[in-house]
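For reference, the sequence and a predicted model appear below.
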Amino acid sequence: MVDARELDASIWPASASRSDSGEITVAGVGVSALVEKYGSPLFIYDEQDVRARARRYVQAYNTVEVPTQVYYAGKAFLCTSIVKWLTEEGLSIDVCTAGELETALRGGALFSTATTRAMLNSSVLLKLV
């Protein structure tokens with residue numbers, strides 16, 4: 001039987017837990033305090049957890065035997081901080097729209113590949129028009 005109070009480690013950051021009163025905390029901070037400070041709805045990311053997961057993906061897939069570039073799908077959630085953390089940990093950012101491209105570039109991602117140069121130019125031009 002599943003305990004409804006248990007936090008699934010595949011979903012929640014490693015730093016997430018429940019206080020004695022049952023409140024969820026992330027990195028030792030109660031979510032009620034975060035909501036009070038930033039409002040709701042609120043996305044909460046633990047930078048150390050995001051970085052650790054990124055490193056694990058790179059270590060798992062980018063091996064000497066099979067060199068691989070690991071990509072984060074910008075469609076999942078994209079902001080400049082996430083881009084910065086992930087690119088610093090060795091991931092590339094997959095983007096599909098001009099807005100995603102702009103966010104990735106503002107976050108410090110470097111252009112490396114596109115299906116075609118024309119596709120990249122089209123995305124940039126769409127944003128400029």
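Perfect, thanks for sending it.

what helices or strands is the lengthiest helix in the chain leaning on?
Assignment by DSSP state H gives helix 47-61 as the longest helix of the chain. Counting contacts by 3 or more CB pairs under 8 Å, 6 or more residues apart in numbering; DSSP states H and E, helix 47-61 is packed against helix 80-88. The way it works is simple: take the backbone N, C-alpha and C, and place the C-beta from them, glycine included.

For the helix it packs on, C-alpha coordinates in CSV please.
Extracted in CSV, the C-alpha atoms of helix 80-88 (Å, rounded to 0.1, in the frame of the first residue of the first chain):
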residue,chain,number,x,y,z
THR,A,80,17.3,31.4,-18.2
SER,A,81,18.3,30.0,-14.8
ILE,A,82,17.5,26.4,-15.8
VAL,A,83,19.4,26.9,-19.1
LYS,A,84,22.4,28.3,-17.2
TRP,A,85,22.5,25.4,-14.7
LEU,A,86,22.0,22.7,-17.3
THR,A,87,24.6,24.0,-19.8
GLU,A,88,27.1,24.4,-17.0
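
in that helix, what's buried?
82-83, 85-87 (16 or more other CB atoms under 10 Å).
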